[in-house]
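K.L.:
Please work out how this folds:
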Amino acid sequence: MYILGVDIGGTKSSVVTAEYTAGKIALIKKEKCNTDLSVSPEEMIKRLFVLADGILEKAPDAIGISCGGPLDSKKGIIMSPPNLPGWDNVEIVKLFEQYFGVKTKLQNDANACAMAEWRFGAGKGCENMIFLTFGTGLGAGLILDGKLYRGTNDNAGEVGHIRLDRFGPVGYGKCGSFEGFCSGGGIAQLGLLKALEKERTGTYPAFFKKGMTEKDITAKSIAEAADAGDETALEVYRLCGEYLGRGLSILIDILDPQVIVIGSVFLHSKHLLLESMKEMIEKEALPISAKCCKVVSAALGENIGDYAAVATALEI
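P.N.:
Below is the predicted model of the structure:
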């Protein structure tokens with residue numbers, strides 16, 4: 001199969017071509033651009049058509065689109081994702097099928113990444129797998145009994161909304177949520193809180209200077225400070241790992257997976273999270289379930305969005 005994959009994000013979007021042969025995938029060409037939210041969704045989609053035309057060597061056999069939710073994968077409609085303001089009930093599958101004349105499939109990005117890791121990455125060969133995005137936000141894709149589980153209204157896997165504590169960083173519109181503690185933005189919030197505590201004592205962590213706000217602090221800058229030995233930065237990641245273990249314990253107890261695959265922040269900062277995460281899983285999860293579950297980094301790395309779009313096309 002010759003496939004066109006489209007990955008739409010709140011900041012960047014990309015198109016990729018790939019060959020699928022005998023269960024193996026080979027990425028061929030890729031183009032990307034900024035996601036321009038100052039124009040209409042239809043105008044932005046036209047730009048993706050132009051990018052795709054520039055890399056296609058022939059008519060694709062199928063097209064897959066990966067995009068943040070909420071969306072309706074059955075009807076092919078994007079329904080007001082928080083990272084795509086103005087994209088309200090966009091019939092994107094219809095637009096692609098009209099332009100290219102080829103069957104097109106739309107999938108939630110967490111589900112699409114789960115399919116990609118299950119088909120080609122760290123979850124290959126297992127029956128029960130959870131994929132966690134752990135990037136700007138925290139969402140999950142669920143592979144249960146060898147199938148993608150979408151839920152009643154395409155909304156399964158929104159684990160970031162689970163409240164892990166009464167107080168804490170805000171994520172998914174909820175104080176103390178799983179996403180609040182375990183996302184890039186959540187880590188920045190934790191970093192700011194800990195930095196302000198230190199400021200009261202007249203000291204400043206390496207990632208924080210007087211007058212800084214949350215916008216000036218990132219998960220990356222805190223990780224860099226932690227790697228350099230900064231105690232406050234190390235404490236931020238210890239706390240994040242603790243709550244990651246707490247959230248994973250809930251998923252392990254309920255779903256009894258073989259593998260939990262985690263992307264983005266975990267991919268880069270696993271060494272800062274692992275110890276406190278494991279301690280919490282040992283403390284909170286059912287031993288019989290925890291023993292059979294591996295927690296690993298996404299195997300597809302920085303290209304997971306490309307593979308996710310391709311895996312979505314394969315659902316056709």
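
K.L.:
Can you tell me the SS state at the nearest residue to Gly101 once chain neighbours are set aside?
P.N.:
The shortest distance from Gly101 to any non-neighbouring residue, by C-beta to C-beta, 6 or more residues apart in numbering, is to Ala59 (7.6 Å). C-beta coordinates here come from the backbone N, C-alpha and C atoms, glycine included. The three-state assignment at Ala59 reads coil, by DSSP: H, G, I helix; E, B strand; the rest coil.

K.L.:
I'd assumed Tyr99 was in contact with Ala59.
P.N.:
No - Ala59 is beyond contact range of Tyr99, at 11.6 Å (criterion: C-beta atoms under 8 Å).

K.L.:
related to what we said a few turns ago, the residue nearest to Gly101 and Ile316: what is the separation?
P.N.:
15 Å (C-beta to C-beta, to the nearest Å).

K.L.:
Show me where this protein has its helices.
P.N.:
41-55, 92-100, 109-120, 178-181, 184-199, 219-227, 231-255, 265-284, 287-291, 304-314 (DSSP state H).

K.L.:
just to revisit the earlier point, Ala59 and Ile316: who's more crowded?
P.N.:
More neighbours surround Ile316 than the other of Ala59 and Ile316, with 14 against 10 (other C-beta atoms under 10 Å).

K.L.:
contacting residues for Leu239?
P.N.:
181, 190, 276 (C-beta atoms under 8 Å, 6 or more residues apart in numbering).

K.L.:
what does the model give the first one for pLDDT?
P.N.:
In this model, Phe181 is scored at 97, pLDDT.

K.L.:
and the closest residue to Glu275 other than its chain neighbours, how many residues sit next to it?
P.N.:
Spatial nearest neighbour of Glu275, chain neighbours left out: Gly241 (6.8 Å); criterion: C-beta to C-beta, 6+ apart. Gly241 has 24 neighbours, counted by other C-beta under 10 Å.

K.L.:
My guess is Gly241 contacts Ile281. True?
P.N.:
No - under the criterion of C-beta under 8 Å, Gly241 makes no contact with Ile281, lying 10.2 Å away.

K.L.:
measure the residue nearest to Gly101 to Val295 for me?
P.N.:
42 Å.

K.L.:
Next up, phi/psi of the spatially most central residue of the chain, please.
P.N.:
For the chain, the residue nearest the mean C-alpha position is Thr133 (2.5 Å; C-alpha atoms, centre = their mean). Note on Thr133: backbone dihedrals following degrees, to the nearest 10 are phi -70, psi -50.

K.L.:
That one: what's it in contact with?
P.N.:
Per C-beta under 8 Å, 6+ apart, neighbours of Thr133: 109-110, 113, 139-140, 263-264.

K.L.:
go on, Arg119?
P.N.:
25, 311, 314.
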